[in-house]
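A.B. asks: build me a model from this:
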Amino acid sequence: MTLHRLREMRVKGEKITMLTCYDASFAHLLDRCELDCLLVGDSLGMVLQGQSSTVPVTLDEMAYHTRCVARGNRHAWLLSDLPFGSYQESLDQCMRSSVALMQAGAQMVKLEGGGWTTEAVHFLTQRGIPVCAHLGLTPQSVHALGGYRVQGRDADGAATLRQHARELSEAGATMLVLELVPTALAAEITEANPQLITVGIGAGNVTAAQVLVLHDMLGITAGKLPRFVRNFMQKDGGSVEQAVRLFVSEVKSGRFPDNATHGF
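C.D. replies: Numbering: from 1, shown residues only. The predicted structure follows:
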């Protein structure tokens, strides 16, 4: 998979699939299931380390897991999260952190937020580092946002997200995760920014791509799962590989997510 191929899929309306991944064994399995993209997410802080949020995850930990996934992956496009505190200080810090993840095997870095991140996105893309942005519910800012809640419900919030999406696109971002935003708003942002590969999680089935946390879609995450998650392991009591292949087919066909139950 290449960025050029992902852009072609976006233009043709072919749905793009993405799951989080944190080690070589799962990378090999997911790649065998023909996932388009793998995301080494800072969600590892919660699903692997047992943290209450993604905030404690360090750059060294992200680089380690990125190296692990890169060794098991052969075909999927590989993204890696810039963790909290690794890019907020300065453009130089952002560049150093991005270089660390790219040298570990990432093909694209992901950062959260809009507004102030626009300059960082431009800085990185001008230097040959592909960037995935992230708007809506941004887990690294969960304390400032008042918890895990839908973003952009009111007119002002929606207008801000539209503006930030446009600015990030103009700055050079190629992909944009939209997390926990109303389906109608996700559709507007996707339509208004055709050069952006929008990636939905809790945003309905209107985006160009869909992503879930691997442990969530396998039903092994402790505690209550978000409303937008489906446990793909429950289907026919299948194997992990069957569950992943079902996720791929359901996203490609447009059957997942179902806006009636997984949108807002």
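
A.B. asks: residue 80 is in contact with residue 59, correct?
C.D. replies: No. Using Cβ atoms under 8 Å, residue 59 is not in contact with residue 80; the gap is 10.2 Å. For the C-beta atoms, the positions are set from N, CA and C on the backbone; glycine is no exception.

A.B. asks: comparing those two, which residue is more hemmed in?
C.D. replies: Ranked by neighbour count (other Cβ atoms under 10 Å), residue 59 and residue 80 place residue 80 first, with 29 against 22.

A.B. asks: that one bridge partners, please.
C.D. replies: Applying DSSP bridges to residue 80 yields these beta-bridge partners: residue 40, residue 109.

A.B. asks: can you give me the pLDDT of it?
C.D. replies: Residue 80 carries a pLDDT score of 98 in this model.

A.B. asks: so what's the residue count around residue 9?
C.D. replies: Number of residues near residue 9 (other Cβ under 10 Å) recorded here: 17.

A.B. asks: find the nearest non-adjacent residue to it, please.
C.D. replies: residue 16 (5.5 Å; Cβ to Cβ, 6 or more residues apart in numbering).

A.B. asks: pretty sure the one you found is touching residue 6, no?
C.D. replies: Yes. With contact defined as Cβ under 8 Å, residue 16 counts as touching residue 6 (6.3 Å).

A.B. asks: find the residue at the geometric middle of this protein.
C.D. replies: A centroid search over the chain (Cα atoms, centre = their mean) returns residue 177, at 5.2 Å, as the residue closest to the centre.

A.B. asks: tell me how far that residue lies from residue 49.
C.D. replies: With distances taken as Cβ to Cβ, to the nearest Å, residue 177 is found 21 Å from residue 49.

A.B. asks: so where's the stretch 1-150 of the chain shaky on pLDDT?
C.D. replies: For the stretch 1-150 of the chain, residues meeting the criterion pLDDT under 70 lie at 142-149.

A.B. asks: and the helices in it?
C.D. replies: Counting by DSSP state H, counting those that start in this stretch, the stretch 1-150 of the chain has helices at residues 3-12, 24-32, 44-47, 59-72, 91-104, 117-125, 142-145.

A.B. asks: what's the closest of those to residue 231?
C.D. replies: helix 44-47 (14.4 Å; Cβ to Cβ).

A.B. asks: who's the residue nearest to residue 9 bridged to?
C.D. replies: According to DSSP bridges, residue 209 are recorded as the beta-bridge partners of residue 16.

A.B. asks: which ones are touching it?
C.D. replies: Contacts for residue 16 (Cβ atoms under 8 Å, 6 or more residues apart in numbering) come out as 6, 9-10, 36-37, 197, 199, 208-210, 251.

A.B. asks: test my guess that residue 94 contacts residue 121.
C.D. replies: No. Contact criterion Cβ under 8 Å: residue 94 and residue 121 do not qualify, at 9.4 Å.

A.B. asks: where do the contact lists of those two overlap?
C.D. replies: residue 111.

A.B. asks: show me whatever sits in contact with both of residue 16 and residue 6.
C.D. replies: Joint contacts of residue 16 and residue 6 (Cβ under 8 Å, 6+ apart) are 36-37, 197.

A.B. asks: and those, which is closest to residue 103?
C.D. replies: Minimum distance to residue 103 across the shared contacts of residue 16 and residue 6 is 19.7 Å, recorded for residue 37 (Cβ to Cβ).

A.B. asks: can you tell me how far that closest one sits from residue 78?
C.D. replies: With Cβ to Cβ as the criterion, residue 37 and residue 78 are 8 Å apart.

A.B. asks: residue 52 now?
C.D. replies: Counting by Cβ to Cβ, the gap from residue 52 to residue 78 is 27 Å.

A.B. asks: which of the two has more residues huddled nearby?
C.D. replies: residue 78 (23 against 9).

A.B. asks: quick one: average pLDDT of the longest helix seen in the chain?
C.D. replies: Secondary structure of the chain per DSSP state H: the longest helix is helix 155-171. The average pLDDT within helix 155-171 is 97.

A.B. asks: on contacts alone, who are the packing partners of that helix?
C.D. replies: On a contact count with 3 or more Cβ pairs under 8 Å, 6 or more residues apart in numbering; DSSP states H and E, helix 155-171 meets helix 117-125, strand 131-136, strand 175-179, helix 183-192.
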